[in-house]
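K.L.:
fold the following.
(one chain, ligands or ions: 1)
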Amino acid sequence: MEKLCGLLVFLLMLAVGCAPCHGQNEICIVGSGMGGASVAYFLREYAREPLQISIFEERDRVGGRMSVVELEGDTFEAGASIIHPKNLHAVRFVELLGLNRTSDDGEKTFGIWDGTQFVLQTARAGDSIFSKTITRIMNTVTILWRYGTSLWRMQNYTNDRRAFKSVEGLLKSVDLYNNTQYTREELLPQAGLSRLFIDELVTVTMRINYGQNVSISGLAGGVSLAGAQGGVWAVAGGNWQLADGLIRHANASLSLNHKVLSITTVEDRYLLGSEGGTTTCDAVVLATPMDESNIIFTPSINIVKQHMQHTYTTFVRGLLNPDYFGSTSESILDLIGTKEDSKIPFSSISVHKEYNATDKAYKLFSGAPSSDELLGHIFRTYRSTIRIDWAAYPHYTAPERFSPYVLDGRNLYYINTFESAASAIETAAVSAQNVARLILSRHPEWGLQTPTPKDVSEQDVVEDL
Ligand SMILES: Cc1cc2nc3c(=O)[nH]c(=O)nc-3n(C[C@H](O)[C@H](O)[C@H](O)COP(=O)(O)OP(=O)(O)OC[C@H]3O[C@@H](n4cnc5c(N)ncnc54)[C@H](O)[C@@H]3O)c2cc1C
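P.N.:
Now for the predicted structure:
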C-alpha cells in the first residue's frame, strides 16, 4: 500500500510538473497585494541562485487592498490611501519604480460630530489657525507619545540582517512587542492626556483609520495616530502601482483570476490546487489574511484567529445635507469624524474633490453598509455611489497573539501574521522582507546575498529617524 501511494504521488508530480524538471526552485506566493509583491521583490533581490517566483491572485488585478475606484471619470483611492513620509520601504519603492508622489497639503476644515451637534469645529480654510493648532497638537501628541517615536524603530529592521521566525521576535528586536500587549487606552494615561482628549480627538483618529476605538492594541493605535501627522502622501495614479511595479521588477510570473483553493503537502513539496489545475512548489508564501480564506490545508494547520473587521467605504457624488448636521451654511466641513456612539451611522465623511459649491465627491466610512435611505438623509442631493465592503484589517484587542511565520515547521510561510500587530502598506513590506530573509536563511542551497542599502535616499530616511 505504502509503495502504491508513493507511486501515485510520483505519477501525480510527473503529471503536474515539478521543480527539479526545470532546475529551479519554485516559490509560490498566494496574493498580489503589498505583502505578496514585496516578498517577490525581496526574494529576487536577496537570492543568489535563480528562483522561479510564481504569484497567484484570485482577482483580475494586483494590489489587493491598494485599489482605486472611478467615480464619474475621477479616480480615488478606495483602500489604503495614505503613506507616512517615514515609511522607508514605500519611499524607496516609489523611487526604484520611477513613480510619482502626490499629497494633499491644502488646509482642511475638520469637525467632530456626536450625533446631534459638532462638539469641535475648526475654522474655514484660509484663516484656519484652529486647524493648524489641531494638527500641531496631534503631531506633538504623536511625537511625545513614546510609542509613536518607537514606531520608527520598526524601520531600523529594514537594514537589519536578521530573519525572525516569529512576529514576537521581530517586534522585540525593535522594542515594540509590549505595545501589542496593552490597549491604546491602557497606554494613554502614561502620556498624561485628558479623558476628553482621548474620547474625542484620539478616538476619532482610531475610527477614521481602523474603524475601531481606543481599546485597539497599542501598536496598531500608534500606526493610526501616525497617519494623523502631516506630510502623508500617495502614489500619483494609485498606490496599487507599488505592487504592480514590484512584481514586474521581480520578474515573477503572475496568474490573475487564479484562486488557490487547496494546499497539500506532498513529501517535501506542496501542491497548490485551483480550478485550473495544480502547481508544485518548493515553498509557499501566504500573503493574504487567512481569517476569511477558505483554502483547505492537508494536513490541516493551526492558525491563530485573526478576526477581520469589515469596513464599508461609500463614494458619493453630490452635496451633504446641512439640515442633517443642524448647519445653516451650505458648506459643511471637509472632514467629519464621529464620537464613539453606536447610533451614529458612519465613522467619517470627507470631501475628496470639490467641483463647485454644490457638487462634491465624498468618501464615507461606516461599520455597516450605508443604505440609500441613510444617504438620502445625510445628503441633500446625490446621483452616483460606489460601495465597497472591505475585510479591512484585524479587529485589534490586547494582548495580541501571533501565528508563527513558518506555519508547518517546513516551507509554508505566512506574511500576514504580522497584521495582528498593525495593518499598513509599510508593515506588509516589513513582514514580507522578513519572510524573504527567513526562506533564504533556511535554504543555504538557494543562496542568500547580504542585502545592502540601495540608494542615498534610503540613507537619508534612516538618518532622519
Ligand atoms: C479601507 C482601508 C483603508 C486603509 N488605509 C490605509 C492607509 O491609508 N495606509 C496604509 O498604509 N494602509 C491602509 N490600509 C491597510 C492596507 O491596505 C493593508 O494593510 C495592506 O494593503 C495589506 O496588504 P496585503 O498584501 O497584506 O494584503 P491584501 O492587500 O489584502 O492582498 C491580498 C491579496 O490576496 C488575494 N487572495 C486572497 N485569497 C486568495 C486566494 N485563495 N488565491 C489567490 N489570491 C488570493 C486577494 O485578492 C488580494 O489581492 C487600509 C485598508 C483598508 C481596507
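K.L.:
roughly how far apart are the residue nearest to Asn416 when sequence neighbours are not counted and the ligand?
P.N.:
The shortest distance from Asn416 to any non-neighbouring residue, by CB to CB, 6 or more residues apart in numbering, is to Pro289 (4.8 Å). The C-beta positions use only the backbone N, C-alpha and C, and glycine is treated the same way. Distance, Pro289 to the ligand, using CB to the nearest ligand atom, to the nearest Å: 7 Å.
K.L.:
verify the contact between Tyr46 and Trp446 for me.
P.N.:
No - Tyr46 is beyond contact range of Trp446, at 9.6 Å (criterion: CB atoms under 8 Å).
K.L.:
what touches both of the two?
P.N.:
Leu440 (CB atoms under 8 Å, 6 or more residues apart in numbering).
K.L.:
how much space separates the residue nearest to Asn416 from Gly63?
P.N.:
With distances taken as CB to CB, to the nearest Å, Pro289 is found 15 Å from Gly63.
K.L.:
now do Glu45
P.N.:
Glu45 sits 20 Å away from Gly63, going by CB to CB.
K.L.:
more neighbours: these two, which one.
P.N.:
Neighbours per residue (other CB atoms under 10 Å) separate Glu45 from Gly63, with Gly63 holding more: 24 against 15.
K.L.:
what's whichever helix in the chain runs longest packed up against?
P.N.:
Ranked by residue count under DSSP state H, the longest helix found in the chain is helix 425-442. On a contact count with 3 or more CB pairs under 8 Å, 6 or more residues apart in numbering; DSSP states H and E, helix 425-442 meets helix 34-46, helix 88-97, helix 167-173, strand 283-286, strand 412-414.
K.L.:
tell me which other helices or strands the fourth one touches.
P.N.:
Read it as strand 283-286. Contact here means 3+ CB pairs under 8 Å, 6+ apart; on that basis strand 283-286 packs against strand 25-30, strand 269-274, strand 412-414, helix 425-442.
K.L.:
looking at these, which is closest to Gly318?
P.N.:
Of all the helices and strands packed on strand 283-286, helix 425-442 sits nearest to Gly318, with 30.1 Å by CB to CB.
K.L.:
tilt between that closest one and strand 25-30?
P.N.:
Computed by axes from the mean of the first three to the mean of the last three CA atoms, to 10 degrees, the angle separating helix 425-442 from strand 25-30 equals 150 degrees.
K.L.:
and helix 425-442 with the ligand, contact?
P.N.:
Yes - judged by CB under 6 Å from any ligand atom, helix 425-442 comes into contact with the ligand at 425-426, 428.
K.L.:
what about that helix, average pLDDT?
P.N.:
The average pLDDT within helix 425-442 is 94.
K.L.:
output it as CSV, nothing but the C-alphas.
P.N.:
C-alpha atoms of helix 425-442 as CSV (Å, rounded to 0.1, in the frame of the first residue of the first chain):
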residue,chain,number,x,y,z
ILE,A,425,1.3,49.2,3.4
GLU,A,426,4.6,49.6,5.1
THR,A,427,4.1,46.9,7.7
ALA,A,428,3.1,44.4,4.9
ALA,A,429,6.5,45.2,3.3
VAL,A,430,8.4,44.9,6.6
SER,A,431,6.9,41.5,7.2
ALA,A,432,7.5,40.4,3.6
GLN,A,433,11.1,41.3,3.9
ASN,A,434,11.4,39.2,7.0
VAL,A,435,9.8,36.2,5.2
ALA,A,436,12.2,36.6,2.2
ARG,A,437,15.2,36.5,4.5
LEU,A,438,13.7,33.6,6.5
ILE,A,439,13.2,31.5,3.4
LEU,A,440,16.7,32.1,2.1
SER,A,441,18.4,31.7,5.5
ARG,A,442,16.6,28.4,6.0
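K.L.:
and it, what's buried?
P.N.:
Of all the residues in helix 425-442, those buried under the rule 16 or more other CB atoms under 10 Å are 425-440, 442.
K.L.:
need the residues of the stretch 251-400 of the chain near the ligand, please.
P.N.:
For the stretch 251-400 of the chain, the contact set with the ligand under CB under 6 Å from any ligand atom comprises 259-260, 287-288, 293, 295, 311, 313, 390, 392-393.
K.L.:
one more time with 8 Å
P.N.:
With CB under 8 Å from any ligand atom as the criterion, the stretch 251-400 of the chain meets the ligand at residues 258-261, 274, 287-289, 293-295, 311, 313, 365, 388, 390-393.
K.L.:
check contacts around the closest residue to Ile216 other than its chain neighbours.
P.N.:
Among residues not flanking Ile216 along the chain, Tyr396 sits closest, at 4.4 Å (CB to CB, 6+ apart). By CB under 8 Å, 6+ apart, Tyr396 lies in contact with 210, 212, 216-217, 220-221, 420.
K.L.:
of those, which belong to helices?
P.N.:
Among the contacts of Tyr396, the residues falling in helices (DSSP H) are 210, 220-221.
K.L.:
distance to Arg383 and mean pLDDT for the helices and strands packed on helix 425-442 - can I get that in TSV?
P.N.:
As requested, those are arranged in TSV below (distance: least, CB to CB, whole Å; pLDDT from 0 to 100):
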stretch	distance to Arg383	mean pLDDT
helix 34-46	34	96
helix 88-97	35	95
helix 167-173	46	91
strand 283-286	41	98
strand 412-414	44	98
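K.L.:
got these as CSV, with distance to Ala243 columns?
P.N.:
Converted to CSV, these look like this (distance: least, CB to CB, whole Å):
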stretch, distance to Ala243
helix 34-46, 4
helix 88-97, 10
helix 167-173, 22
strand 283-286, 14
strand 412-414, 18
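K.L.:
any idea which of the ones you listed gets closest to Gly79?
P.N.:
Among these, the nearest to Gly79 by CB to CB is helix 34-46 (10.4 Å).
K.L.:
next, the buried residues of that closest one.
P.N.:
34-44, 46.
K.L.:
right, is the next helix or strand after it up against the ligand?
P.N.:
Note on helix 34-46: by DSSP states H and E, the next helix or strand toward the C-terminus is strand 51-56. Yes - applying CB under 8 Å from any ligand atom, one finds strand 51-56 touching the ligand at Phe56.
K.L.:
going forward can the numbers begin at 39, since that is how I track them
P.N.:
Understood, numbering begins at 39; the last thing we discussed is strand 89-94.
K.L.:
who does the helix or strand just after strand 89-94 touch, helix- and strand-wise?
P.N.:
The helix or strand immediately downstream of strand 89-94 is strand 106-109, counting by DSSP H and E. The contact analysis (3+ CB pairs under 8 Å, 6+ apart) places strand 106-109 against strand 112-115, strand 346-358, strand 417-432.
K.L.:
most tightly surrounded among those?
P.N.:
Counting by mean count of other CB atoms under 10 Å, strand 346-358 has the highest mean neighbour count of these, with a mean of 20.
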